[in-house]
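Enquirer: need coordinates for the below:
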Amino acid sequence: MRSKTIKTGLERMPHRALLYATGIPKSEMNKPFIGVATSFTDIIPGHIGMRDLERFIEKGVHTGGGYPFFFGIPGICDGIAMGHKGMRYSLPSRELIADMVETIAEAHQLDGLVLLTNCDKITPGMLMAAARLNIPSIVVTAGPMLSGHYRGRRLNLTSDTFEAVGKYKKGLIKDAELQALEMCACPGAGSCQGMYTANTMACVTESLGMSLPGCATSPAVLAHKKRIAFESGMSIVKAVKKNITPRKIMTDKAFRNAIMVDLALGGSTNTVLHIPAIAHDAEIALPLEVFDELSRKTPHIANMIPGGRHYMEDLDYAGGIPAVLKRLKDMLNSNPTVSGKNILEITDEADIMDEDVIRSTGNAYHKEGGIAILKGNIAPQGAVVKQTAVSKNMMKFEGTVKAFDSEEAGMKAIMGGNIKAGDVVVIRYEGPKGGPGMREMLSPTSAIAGMGLSESVALITDGRFSGGTRGPCIGHVSPEAMEGGPIAILKNGDRIRIDIPKRKIEALISDEEIEKRLSQWKRPKPKIKKGYLSRYAKLVSSAGNGAIME
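Expert: Predicted structure coming up:
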């Protein structure tokens, strides 16, 4: 056990004295020391129910023969941080979370980790730490929120709050309904109800084999989630005793399995940042092109909101991730999981409870997976779109540029009625370096959808999108504007052609004109000149590399 470093031998007498000061009984000192990294906080709905899960993890660790030590990890609610300067901190917090888990685990030589997480950047940060440390680890995602209800219809965060802003501005809903939606859309604990980033990453985590079967989709408030927490506590002690480490689970095969599940579910485009970053810490090369390669052959079999109609609770009742894996079994790679079972064993034991929520590959909602990687003269290193959330009419589109150098400027134009059918809204200098922090654009994309423009307006950005975004919204344009990427030199009135089936995004400008404009471009001064974001901007890499810190 690693923990012998801090508790064995004469010279460790002071260390033992400090450990006894915590209240640990002498009889427990020789048991595996399990760190429980908990991201409980009162301000994130997905995390407010974690106190209960902490208790059940603790019971499981004790039952399994280990001794748990809890330590706190911070988190950001992307929904609350959305649309203002706070969103600059969301993606950068991923690196802080990974570094903090690494720091505590190494400083105290913990034998194993239970990583209690749920929302957007916290889960990938935890997985990055697990891959980097390579000590036995298991992830418990706290679970999705139940759907809201109003006048006989189900509600979710994106469609019924963010998009409601645009609908209200357009005069499509009245004050009374707006206020009712505000109170009813999010009824309690859990990550937001659709296949947004938090829930997509939970599904990716389970598909990777890093959480127990059923963990990703089991709603936050159910007793089933408590039992999963208990079993996870027991399982981590087994993993320590058998030396089952993350890199034995998070192999190249596992990452490909997880990407296929992500694509089959129509998951958030943010996974194109997070999965490569986790793979990087696991010392596995995972280029952007892998997503497109797998998307071409992975059918979209679950029609989840925001692009579809089903909620996370529907997916859970239909059989959850094990049932999705069962549908994809012929495509999957054999790989171990933290449960002790091979991923293919899990598929054999799974039941599919609803043939519409989780369709067969022969009856898929779309022949290709959720994500497409586009390239062209304004995105030579790639850009990302959630193609399953784009209507057939907008899979090919040509429009006129209206360019803005910040999210705020773009949002002002949208809400001011200055965006018309046939426009391509370009929001730039919002990439990892330029933002800094690569803000999500859920407010402008939701306003466009709410105002009824998602069938006639496209949005392109070097920033990123929430998992709640739908419509022809293309993000992660690389290189970003702050690095002198071609998106920086687009002008109002330029024409852009988008062809998602052909994976093309092109400005209808000659190569000579692009070169001329780039030669005249001057890098603007950084928006943030002090603190963590200033340091982050200097060290972060391109979105095409997962926006990892170098």
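
Enquirer: what kind of secondary structure is residue 2 in?
Expert: coil (DSSP: H, G, I helix; E, B strand; the rest coil).

Enquirer: again, but for the one 3 residues further on
Expert: When the structure is split into helix, strand and coil by three-state DSSP, residue 5 lands in helix.

Enquirer: residues making contact with stretch 78-94?
Expert: Counting contacts by C-beta atoms under 8 Å, 6 or more residues apart in numbering, the residues outside stretch 78-94 that touch it are 43-44, 74-76, 119-122, 124-125, 128, 157, 162, 192, 197, 273-274, 277, 407, 411, 432, 435-440, 442-443, 464, 466, 528, 532-533, 536, 540, 547. Every residue, glycine included, has its C-beta placed from N, CA and C.

Enquirer: now, which of these lie within helices?
Expert: Among those, the members falling in helices (DSSP state H) are 122, 124-125, 128, 157, 197, 273-274, 277, 407, 411, 442-443, 532-533, 536.

Enquirer: out of those residues, which is nearest to residue 227?
Expert: Taking C-beta to C-beta as the measure, residue 122 is the one of the ones in helices among the contacts of stretch 78-94 closest to residue 227, at 22.4 Å.

Enquirer: hey, where'd the strands end up in the stretch 401-550 of the chain?
Expert: Taking DSSP state E, counting those that start in this stretch as the criterion, the stretch 401-550 of the chain carries its strands at 423-427, 458-461, 473-478, 495-499, 504-507.

Enquirer: to residue 370, which of these lies closest?
Expert: Evaluated over those, closeness to residue 370 peaks at strand 473-478, with 13.2 Å, by C-beta to C-beta.

Enquirer: now residue 446: how far from residue 195?
Expert: Here residue 446 is placed at a distance of 16 Å from residue 195 (C-beta to C-beta, to the nearest Å).

Enquirer: whoops, I mixed them up, residue 517
Expert: Relative to residue 195, residue 517 is positioned 38 Å away (C-beta to C-beta).

Enquirer: ditto for residue 269
Expert: The separation that residue 269 has from residue 195, given C-beta to C-beta, amounts to 11 Å.

Enquirer: who touches both of the two?
Expert: Here residue 269 and residue 195 have residue 467 as joint contacts, going by C-beta under 8 Å, 6+ apart.

Enquirer: more neighbours: the two, which one.
Expert: Neighbour count, other C-beta atoms under 10 Å: between residue 269 and residue 195, residue 195 has more, with 32 against 28.

Enquirer: so the more buried one touches residue 468, yeah?
Expert: No: judged on C-beta atoms under 8 Å, residue 195 makes no contact with residue 468 at a distance of 9.1 Å.

Enquirer: now do the shared contacts for these two.
Expert: With the criterion set as C-beta under 8 Å, 6+ apart, the overlap between the contacts of residue 195 and residue 468 is residue 306.

Enquirer: what number of residues lie near the nearest residue to residue 65 once chain neighbours are set aside?
Expert: Take residue 65 and drop its neighbours on the chain: the residue closest to it by C-beta to C-beta, 6 or more residues apart in numbering is residue 237, 5.2 Å away. Using other C-beta under 10 Å, the number of residues around residue 237 comes to 26.

Enquirer: residue 237 and residue 66 touch, don't they?
Expert: Yes: under the criterion of C-beta under 8 Å, residue 237 is in contact with residue 66, at a separation of 4.1 Å.

Enquirer: between the two, what contacts are shared?
Expert: Counting by C-beta under 8 Å, 6+ apart, the shared contacts of residue 237 and residue 66 are 32, 34, 112.

Enquirer: in a markdown table: the residues you listed, plus secondary structure.
Expert: Below are the shared contacts of residue 237 and residue 66 laid out as a markdown table (three-state DSSP):
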| residue | secondary structure |
| --- | --- |
| 32 | coil |
| 34 | strand |
| 112 | strand |
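
Enquirer: can you say which of those are buried?
Expert: By the neighbour-count criterion of 16 or more other C-beta atoms under 10 Å, the shared contacts of residue 237 and residue 66 include these buried positions: 32, 34, 112.

Enquirer: the second one is in contact with residue 113, isn't it?
Expert: Yes: taking C-beta under 8 Å as the contact criterion, residue 34 and residue 113 are neighbours in contact, 7.1 Å apart.
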